[in-house]
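Enquirer: Sequence first, then the predicted structure, then my questions.
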Amino acid sequence: MGQQDIHIGVPIAPDDLRPLNYRDRRHRVIDAINNLGPPNDVEEPLPPQPAFAAAARAWSESTSANLGHAVLFRILEQLPNICPRLPHWSLARAPASCACRVHQKDAGWPNWPADLLGPRGPGVVEGA
């Protein structure tokens with residue numbers, strides 16, 4: 001596990017794609033993506049982060065969260081409170097005996113707190 005460089009290019013406006021047929025739209029988008037960042041022949045992977053991988057595995061093993069959820073938990077755990085929808089992450093860092101208070105649920109992934117905290121991890125308390 002390690003970092004990724006993410007390159008964000010100039011947005012392609014719908015008006016730029018609208019006059020093109022499907023094949024040309026597809027090529028326009030693919031060409032824009034392929035021209036982001038360094039050329040493929042000089043691009044190199046970033047070094048792995050074994051300490052992060054170990055922390056994710058340890059969370060997965062101690063809470064029974066699947067590894068993908070454990071990775072996401074460890075990523076979110078490192079972030080400042082960048083989103084008002086995630087006010088509980090400071091509580092999620094507490095010892096396993098503490099509960100995590102969920103203030104809002106996401107309709108697309110209603111069980112995300114329990115999934116990230118794992119069946120044997122901190123409990124999830126709805127509301128307040």
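Expert: Cool, the structure landed.
Enquirer: distance between stretch 61-73 and the chain's centre?
Expert: Remark: stretch 61-73 is offset 13 Å from the chain centroid, using Cα atoms, centre = their mean, to the nearest Å.
Enquirer: Which positions within that stretch qualify as buried?
Expert: Of all the residues in stretch 61-73, those buried under the rule 16 or more other Cβ atoms under 10 Å are 63, 65, 69-73. Every residue, glycine included, has its C-beta placed from N, CA and C.
Enquirer: Mind putting these into a markdown table with secondary structure and pLDDT?
Expert: Shown next, in a markdown table, are the buried residues of stretch 61-73 (DSSP: H, G, I helix; E, B strand; the rest coil; pLDDT from 0 to 100):
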| residue | secondary structure | pLDDT |
| --- | --- | --- |
| 63 | helix | 91 |
| 65 | coil | 94 |
| 69 | helix | 93 |
| 70 | helix | 93 |
| 71 | helix | 92 |
| 72 | helix | 89 |
| 73 | helix | 86 |
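Enquirer: closest to residue 2 among those residues?
Expert: Among those, residue 71 lies closest to residue 2 (Cβ to Cβ), at 11.4 Å.
Enquirer: give the contact list for the closest one.
Expert: Shown in contact with residue 71 (Cβ atoms under 8 Å, 6 or more residues apart in numbering): 1, 56.
Enquirer: still on that earlier bit, export the buried residues of stretch 61-73 to TSV and tack on distance to residue 118?
Expert: Converted to TSV, the buried residues of stretch 61-73 look like this (distance: Cβ to Cβ, whole Å):
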residue	distance to residue 118
63	3
65	3
69	7
70	7
71	12
72	12
73	8
